[in-house]
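[1] attaching a predicted model along with its sequence, questions to come.
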Amino acid sequence: MTSKAPRYDVPNAAPESLRIVQTFVNTVNLERGDDWLADWFEQQGVTASRRELERARVVREAVRELLYANNRQPVAGEPSWAVLAAAADAASFSIDLARPELVARAGGSDGAVGRVLAVSFLAMLDGSWPRLKCCRNHHCRWAFYDNSKNRSASWCSMQLCGNRTKTRAYRARRATAAT
């Protein structure tokens, strides 16, 4: 851990029901390499071992792939269904018909990751899942919630990634035109 997690996702924060998925995915800064996954687990009341952190990182990136696909972006190969299925198995899911809710019965890191997967699954069923996306800036891929009316938001922040992407494209067009 080299720095505190950034807060530039706040204007695009997911609703409370999906917030756990967003905060889980946003435990790494892909541009700088900062990783806050251990802090996230502590916020969930779990102390994760090094091995558990490595397993959770693989699941985090599998969920990120799904969110990147939500932003109409190509995912390298198939999403990591086997990774997600293994994490779901480790969570030992049960159905609570009184609430109704999908519950991760496992404790520790498996239970915390299971809660992320349960929320993801239920969001897929209720139709809110497609609004949770990853930034189209491949170097960023920060998770954000698309509040736009037509569900067309592409970047975590227009001021940051949107501006950078558009400026890069403009400069590339100018360089091509100059040659």
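    Looks like it came in fine. Residues are numbered from 1 along each chain as shown.

[2] show me where this protein has its helices.
    16-25, 37-43, 50-70, 81-91, 108-126, 163-178 (DSSP state H).

[3] list the contacts of the most centrally placed residue in the chain.
    Among the residues of the chain, V25 comes closest to the average C-alpha position under CA atoms, centre = their mean, at 3.2 Å. Residues counted as contacts of V25 (CB atoms under 8 Å, 6 or more residues apart in numbering) are 60, 63-64, 67, 134, 143. For glycine as for every other residue, the C-beta is placed from the backbone atoms N, C-alpha and C.

[4] mind doing that once more with 10 Å?
    14, 40, 59-61, 63-64, 66-68, 116, 132, 134, 141-144 (CB atoms under 10 Å, 6 or more residues apart in numbering).

[5] what do you get for G45?
    107-108, 111-112.

[6] how close does P15 sit to D126?
    Distance of P15 to D126, computed by CB to CB, to the nearest Å: 11 Å.

[7] before we move on, back to that, worst mean pLDDT among the helices of the chain?
    When these are compared on mean pLDDT, helix 163-178 scores lowest, with a mean of 69.

[8] sorry, back to before: ok, and the closest non-adjacent residue to the residue nearest to the centre of the chain?
    Distances taken as CB to CB, 6 or more residues apart in numbering put A143 closest to V25, at 4.1 Å, once the chain neighbours are dropped.

[9] how many residues are close by that neighbour?
    28 (other CB atoms under 10 Å).

[10] that one contacts V63, correct?
    Yes - counting by CB atoms under 10 Å, A143 does reach V63; the two are 8.5 Å apart.
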